[in-house]
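Trainee: below are the sequence and a predicted model for it; my questions follow.
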There are 2 protein chains.
Amino acid sequence: MSRHVYFFGGGRAEGSAAMQSVLGGKGAGLAEMTNLGVPVPPGFTIGADVCIEYLKTRRYPPELKDQVEVSLRRVEELVDRRFGGPARPLLVSVRSGASVSMPGMMDTILNLGMNDTVAATLAEETGDPAFAYDAYRRFVQMYGDIVLGLKGSRSPFAALLEQAKKTRGAKRDRDLPADDLRTLVAAYKGAIHRLTGATVPDDSAHQLWSAVEAIWRSWLGERAAAYRLIHHIPETLGTAVNVVAMVFGNLGEDSGTGVVFTRDPSTGEKRFFGEFLLNAQGEDVVAGIRTPEPIERLASLLPEAYRELRETVQRLEAHYRDMQDLEFTIERGKLYLLQTRSGKRTGAAAVRIAVDLVAEGVIGEEESLLRVSPDAIEQLMHPMVDPAAPCTVLATGLPASPGAAAGQVVFDAEEAFAWAADGKAVILVRPETSPEDIRGMAAARGILTARGGMTSHAAVVARGMGKCCVVGAAALEVDGEAGEMRVDGRRIGRGEWLTLDGSTGRVIHGRVPLVTPTLSTHFEQFMNWADKPRRLGVRANADTPADARRARSFGAEGIGLCRTEHMFFDAGRIDAMRKMILARDAAGRRRSLAKLLPMQRGDFEGIFEAMDGLPVTIRLLDPPLHEFLPHDPEQVAALAGEMGVSAKRLTATVESLREENPMLGHRGCRLGVSHPEITEMQARAIFEAAVAVTARGVRAMPEVMVPLVADVAELRHQTDIVRRVAGAVFAKAKRDVPYLVGTMIELPRAALTADEIAEVAEFFSFGTNDLTQTTFGLSRDDAGRFLPLYLEHGILPADPFQVLDQRGVGKLVRLAIELGRARRPDLKVGICGEHGGEPSSVMFCHDAGMTYVSCSPFRVPVARLAAAQAALKERGFEDRTALAV
Amino acid sequence: MSRHVYFFGGGRAEGSAAMQSVLGGKGAGLAEMTNLGVPVPPGFTIGADVCIEYLKTRRYPPELKDQVEVSLRRVEELVDRRFGGPARPLLVSVRSGASVSMPGMMDTILNLGMNDTVAATLAEETGDPAFAYDAYRRFVQMYGDIVLGLKGSRSPFAALLEQAKKTRGAKRDRDLPADDLRTLVAAYKGAIHRLTGATVPDDSAHQLWSAVEAIWRSWLGERAAAYRLIHHIPETLGTAVNVVAMVFGNLGEDSGTGVVFTRDPSTGEKRFFGEFLLNAQGEDVVAGIRTPEPIERLASLLPEAYRELRETVQRLEAHYRDMQDLEFTIERGKLYLLQTRSGKRTGAAAVRIAVDLVAEGVIGEEESLLRVSPDAIEQLMHPMVDPAAPCTVLATGLPASPGAAAGQVVFDAEEAFAWAADGKAVILVRPETSPEDIRGMAAARGILTARGGMTSHAAVVARGMGKCCVVGAAALEVDGEAGEMRVDGRRIGRGEWLTLDGSTGRVIHGRVPLVTPTLSTHFEQFMNWADKPRRLGVRANADTPADARRARSFGAEGIGLCRTEHMFFDAGRIDAMRKMILARDAAGRRRSLAKLLPMQRGDFEGIFEAMDGLPVTIRLLDPPLHEFLPHDPEQVAALAGEMGVSAKRLTATVESLREENPMLGHRGCRLGVSHPEITEMQARAIFEAAVAVTARGVRAMPEVMVPLVADVAELRHQTDIVRRVAGAVFAKAKRDVPYLVGTMIELPRAALTADEIAEVAEFFSFGTNDLTQTTFGLSRDDAGRFLPLYLEHGILPADPFQVLDQRGVGKLVRLAIELGRARRPDLKVGICGEHGGEPSSVMFCHDAGMTYVSCSPFRVPVARLAAAQAALKERGFEDRTALAV
């Protein structure tokens, strides 16, 4: 007979901290504390596996009832009370608790075991009828909300309570006398019956099993599902259920309840930190009806309990070797701990705590690296609203995509696009977004919606774009027609400035300065440690000397992707580029290319200088030529004039270059094969720049990368040109610069024939953006129409453009590495898609045996940490990253 | 020391027919004939491997010279002559000969060993100085053309010969006296020196080695490369070189030369067939300067030689067990065979000969199947110009893409598109085509160009489209501006009718009736045999009852792809479809779908009836919805009026549905996931139709196919809907119809996760069109811009949309089958891309273990034969397909 129920109490527990996957975080903490002799009310945990079995079959194991019965008896014995009474009745709390933290997803029913008889007995026993009926009232409310599903807008309880207080002229809940509370219980029950047709059972066992099943069912509820989706939590975990003897913080002024941290969760500073309320139950602290007091005040009010609390939590931190977040209740002077867990913390705090714990000798450097989630580092790297600047918060929505942005408000996507094209910083505000808005969303600095949740179209698309976004700011009334929004009596018109904080959901009036957080010495120390175990190299994607310098300052060990096309979009260059594209023949193209050559050479010189001594991977021209052409008639006419052709002819040429599916069209190395003179010019610019900076004492390490190869013959064609040009440049300069020629692996066929390709390529760089597009047959530009729906319905577990799809795309990546290395054992292998900075994808790259990842400069530290963690996990270290706030 | 040279002569040969890969077809034939005691002049063959080594290294094996020397001595002994003279000089022919037939690619140098002294000796020896100097003249010409590269427009010889004939007043070449011919030799040599700076060597060994090297080099020549490309012949084969003692058919009226077939190569009828010329060399027969006589005439002129020839060729047919095509020369009454090979034949002849040979007991049924190339069957299936209709051939170009087409001439691609949209049959005529013309090419019935070769843009694109095409019809003068073309003094204006014969290259004036060849009883017999060894099923792609009936008549064993979208394009339906797409919500869509339901149900009823008892695979809606929408403002306005919305709003909606890359956009099952009501309607139409026809005694076997699945979750979503609807329809009708639900495998990710997908899919059908697009990252619509270039440069060996790319796409196909069958051993696997009718791809499908292929109805017999051949080859039968004319 398998064990499904784990008892704890009287200094002994059947579970322990090691059993978190079965007991959930909360249950494991209660068991561990019990074993440590920390005062915890007795209780038991029903394992998460039962939840999954129940959800699959709507049955639970036959032995479960007996095991619960036995554990209940043990609780009764320890506290000398009886579940269901009548004498000395036992009340319990029933709470969910999964193995990963899901804040706000916790369902709790307190005071379970209550009925009219029990309430009367308790009133007598405590001599506090108001306490007893208040407890009864709370139970009925939670039972109605959670078990009978009234939580949310249908919930009648708050209104009834307000009504009762109004009638009585009471300001606070606890000002209501016992009789009023008893009446309220009846009113609650009546409302429940009216709304659901159900009654609240008097039988305590009936109450218990209904509550347990409700918690199990809540695991599949919409709210929990959405949370899991955003945080990549598998549905198959299930939730444990904790049943614990009630203790009461609301039995008078010698009772209370609170939350404490062993260190400051915002800064990481080592100080006893927290708040409490006297004569209150836990939910009162959370609900914010009364303002809690700082924990230091408890020292003077209940010195004995304070001393024990301080001592206990320090013991728990030492035991868990991490900052703890604890809930406690003091019942008539006696302290109980109700929960302990590794405390959530900001990115800055996570780093500081990890570094401090090493300094304190609690953990080692390597273990410290596993204490900080790479996401926490990401938080540190984003621009944020200057904390020192005063700001007027207009509303708070859901923090859908992190970072901060300031810009002028527009209410129409096309207008956003147009304003952005004029160089304005724009915040796009919509009631909600739809696929038609994508162009405007891409053009905006930040996106704000009045409706929608964390998986709404706006949220998913913005996260995909890495763009700051606040959704569901329900206080806003957006009136696109009138060109204004109204919030809290204020009108904000088109063109007014707004600042968004995508990390907290704040919508701030006006233009608040943004800062890139300055990185602490703790951060530097921490990142240095991260570089020790790390095997995977970390490079950055950078197209300009400025980006290259920034990347280097963040620890990039080279440039993994230098896109050359952006260099052609500059105002001074686009004309030459356009003339090149529209030339009638190779000779005409060569003339324009000759003008571009010195400009491009200058770019490369700057980048080589910035990356002195580090490799720079330069990708040859990639996008369809059509992207460079003018489309509005005036621009076409102007260009035609300059080129001495008719506007009509030029329009026809521009039109003829339009493609049905440009993503799958004439781009990448296909351009270099059909127009070899482009490849020649680019190779010349690279090698002339390398020779020039070498003469100035700089160590240039160019790696020339051929994009969009499908067959080794294309790569051979382009490599021949590059090597020929290199030879000519070096011969003329009488100076050799070492270089490599390699290729992107960004088409399934390249991966499938990687053995052939490795015969020519000296390195592979996985372009996982394109590889994801072609493997899924999914255009990133068009996915906004249905990808949000796919994520909502759980058809895909994550946006594959954000999180590398290991089951499909990853399979191709592994295959290509295997085939490539079989042919060329020393093949250098990297990734330069956007996945190169996403932690789980970085870990995959490590496992797949890549040489390096390359990502945007700001994500370099994220990747460095993820790579270090991957190396440590490979050596058997367990994942113990702390949770981000 | 390896053997590179293979001697034959005096009844013994070092080679044999089995050594074709080294000796080439010609060399193997000469060796085999020698061994059989057939009179063949002695000689030797230099193996094809030496050619490849020479081309790679520009060197040949050191032992080669010795081996050639030894063989030459043996030839000299047998004929009692000396190579280089002076007395009894030996002349030889030097000819290329690859292991696969490459008609017109053969380089020949006759009379090698000739110089002034030798000519004088020969003149004396034969007593015929004109013969001797004519032979000299021919040698110098061939040496100049082939060894010194003058062949083509630079060749001066024809003009000089004409000049000489004019001066002398001679009508025929052989009317020139010896002195004139000697003068002509000097003139030829002078022209050679002027044009090339080279002289024709007098030394016979020098002549020989120059000739051999020239033949080797010609293997990489442009002409040969293009031929190989079109016929998928690997470059690595190389060519053998045959050096044979000359015999002369031009030594008087008891000499002659000719070509004979053992059966009629046009019809396959068994009759001795051929033609000859007395007193001529072989090239005179080919050149068409004199009109050859039918072979029967030889019986009365040279009865002894005729009798021996007839007897010999019958012996050779019996020996080779196939129709032979032979070259012979009679030198002063003595017969020599110079070549034997399996004769080229038309598709109809190939089938008849194969069937007759079985009837004659020469070969078995199974062997007969390997005697007919599937391409020959394809030729039989194409429409062709009615052979009985009189026709005026305006010009003849290259037969770039087979079939025939009649239509009205237009000279502009956009006009072709517009006229075709008006329902006209159009022939697009261009000087040459370019990527801008693709839309017009797709709309035209046939394509004709004045310039370009077999790998020109027009040729490659037309073959890709399966569209009749004639290119390089140089006699045409196309004047697009004037809207006319001129040919042979005639003007053909815009709108006039023209008929193209893409199988012969004929450009015919007016509208000639086209016929689909009636299939002979031989054909029926042959195809029945093909179905016996065949393991692979053959289905057809058909969207209408008429197509289904045609497919069935061609032997289709089911429908592998019934596209449902074409049904929506009908005039009576497109409006409902458009309203469905533009509806604001699911309820609006349902209203329009309800109108489409009975129409679609009717289609399915017709198809089920046509395919009574055979499976019909129906693909759910696949293309992007945007394809169904009106784009011109008038149509939009009209639709807006009907829908009661503003034209502006409708235009915006149409615009909003436009995608950057529709191929990778909102299509396939993504439509069904976002608009489940479409899937519901289609499933309802399918099952209601199945139930209805079942009630009429028809056996419907629907297989519902979900397109564009990337993840099993999509398939599960759609399968749930289909099964739910099926259950409801069957319950209502109180009748069950067996059905399957499966999926297209047309995205790399589907192939990579085929194990997961097979958990839900009851069958796989490889959509290799899309799979090729995504695996290569190559849009078929846009590939016209660079794919022709890729084929020209040999970067790709074949158009991957025509011939399945086994190295890349094929790898995914094999992987998917393996993964799928591992999970579901009885998984049905088919292919429904256009590769399903391409012979080499069909063989791949057999090897990969597919259950069936599906192709267009006309290609069903092609696939049946290819599948039979694949099965036979697997059992060890050798490929011996006869060559098509």
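Mentor: Structure received.
Trainee: residues in contact with A:Phe844?
Mentor: Going by Cβ atoms under 8 Å, 6 or more residues apart in numbering or on different chains, A:Phe844 touches A:Leu804, A:Gln806, A:Gly810, A:Val813. Using the backbone N, CA and C atoms, a C-beta is placed for each residue, glycine as well.
Trainee: where does it fall, phi/psi-wise?
Mentor: Dihedral pair for A:Phe844: phi -60, psi -40, per degrees, to the nearest 10.
Trainee: can you tell me how far it sits from chain B?
Mentor: A:Phe844 sits 15 Å away from chain B when distances are taken as Cβ to the nearest Cβ, to the nearest Å.
Trainee: longest helix of chain A?
Mentor: helix A:586-610 (DSSP state H).
Trainee: do it and chain B meet at all?
Mentor: No - for helix A:586-610 and chain B, the contact criterion (Cβ under 8 Å from any Cβ of the partner chain) is not met; the two come no nearer than 13.0 Å.
Trainee: mind listing what's buried in that helix?
Mentor: Buried residues in helix A:586-610, counted by 16 or more other Cβ atoms under 10 Å in any protein chain shown: A:589-590, A:592-593, A:596-597, A:600-601, A:603-610.
Trainee: can you check stretch A:801-819 too?
Mentor: The neighbour-count check on stretch A:801-819 (16+ other Cβ under 10 Å) flags A:801-806, A:808-817, A:819 as buried.
Trainee: and if you look at stretch A:706-726?
Mentor: Neighbour-count burial for stretch A:706-726 flags A:706-719, A:721-722, A:725-726 (criterion: 16+ other Cβ under 10 Å).
Trainee: could you pull out the strands for the stretch 401-550 of chain A?
Mentor: Ranges of strands in the stretch 401-550 of chain A, per DSSP state E, counting those that start in this stretch, are A:404-410, A:426-430, A:446-449, A:468-471, A:477-479, A:484-487, A:490-493, A:497-501, A:506-509, A:514-515, A:537-541.
Trainee: so which of those comes closest to chain B?
Mentor: strand A:426-430 (14.4 Å; Cβ to the nearest Cβ).
Trainee: close to chain B: what parts of the stretch 701-850 of chain A are there?
Mentor: So far as Cβ under 8 Å from any Cβ goes, the stretch 701-850 of chain A lies against chain B at A:708, A:710-711, A:713-714, A:717, A:746-749, A:752-753, A:756, A:770, A:773-779, A:781-782, A:785-786, A:789-790, A:793-796, A:805, A:807-809, A:811-812.
Trainee: redo that, cut-off 6 Å
Mentor: A:710, A:713-714, A:747-749, A:752-753, A:774-779, A:781-782, A:785-786, A:789, A:795, A:807-808, A:811 (Cβ under 6 Å from any Cβ of the partner chain).
Trainee: what packs against the one helix or strand A:Val94 maps to?
Mentor: For A:Val94, the host element (DSSP states H and E) is strand A:92-98. Here strand A:92-98 touches helix A:20-35, strand A:108-112, strand A:239-245, going by 3 or more Cβ pairs under 6 Å, 6 or more residues apart in numbering or on different chains; DSSP states H and E.
Trainee: quick check: closest non-adjacent residue to A:Thr651.
Mentor: A:Val636 (5.6 Å; Cβ to Cβ, 6 or more residues apart in numbering or on different chains).
Trainee: and that neighbour, helix, strand or coil?
Mentor: Under DSSP: H, G, I helix; E, B strand; the rest coil, A:Val636 falls in the helix class.
Trainee: surely it and A:Pro630 touch.
Mentor: Yes - with contacts defined as Cβ atoms under 6 Å, A:Val636 counts as touching A:Pro630 at a distance of 5.2 Å.
Trainee: any idea how far chain B is from the residue lying farthest from the centre of chain A?
Mentor: Taking Cα atoms, centre = their mean as the measure, the residue most remote from the mean C-alpha position of chain A is A:Gly644, 53.9 Å away. Taking Cβ to the nearest Cβ as the measure, A:Gly644 falls 21 Å from chain B.
Trainee: can you check A:Asp175 too?
Mentor: Remark: distance between A:Asp175 and chain B (Cβ to the nearest Cβ) = 51 Å.
Trainee: ok, now which ones touch that residue?
Mentor: By Cβ atoms under 6 Å, 6 or more residues apart in numbering or on different chains, the contact set of A:Asp175 is empty.
Trainee: would you map the helices across the stretch 751-885 of chain A?
Mentor: Here the stretch 751-885 of chain A has its helices, by DSSP state H, counting those that start in this stretch, at A:754-757, A:768-776, A:787-792, A:809-823, A:839-847, A:860-874.
Trainee: and the stretch 101-250 of chain A, by the same measure?
Mentor: A:116-126, A:129-142, A:157-168, A:178-196, A:204-218, A:222-231.
Trainee: okay, the ones you listed, which one's buried deepest?
Mentor: Burial of the helices of the stretch 101-250 of chain A is given as mean neighbour count (mean count of other Cβ atoms under 10 Å in any protein chain shown); helix A:129-142 ranks first at a mean of 24.
Trainee: helices or strands next to it in the packing?
Mentor: Under the contact criterion of 3+ Cβ pairs under 6 Å, 6+ apart, helix A:129-142 touches strand A:108-112, helix A:116-126, helix A:178-196.
Trainee: next one, pLDDT for the residue nearest to A:Thr651 please.
Mentor: On the pLDDT scale, A:Val636 is placed at 85.
Trainee: chain B versus that one, what's the distance?
Mentor: According to Cβ to the nearest Cβ, A:Val636 and chain B sit 17 Å apart.
Trainee: residues in contact with that residue?
Mentor: For A:Val636, the contact set (Cβ under 6 Å, 6+ apart) comprises A:Pro630, A:Ala647, A:Leu650, A:Thr651.
Trainee: helix or strand for the third one, which one?
Mentor: This points to A:Leu650. Using DSSP H and E, A:Leu650 falls within helix A:647-656.
Trainee: so how many other residues sit close to the residue of the stretch 201-350 of chain A found nearest chain B?
Mentor: Closest residue of the stretch 201-350 of chain A to chain B, Cβ to the nearest Cβ: A:Glu235 (12.4 Å). Using other Cβ atoms under 10 Å in any protein chain shown, the number of residues around A:Glu235 comes to 15.
Trainee: I appreciate the help and will end here.
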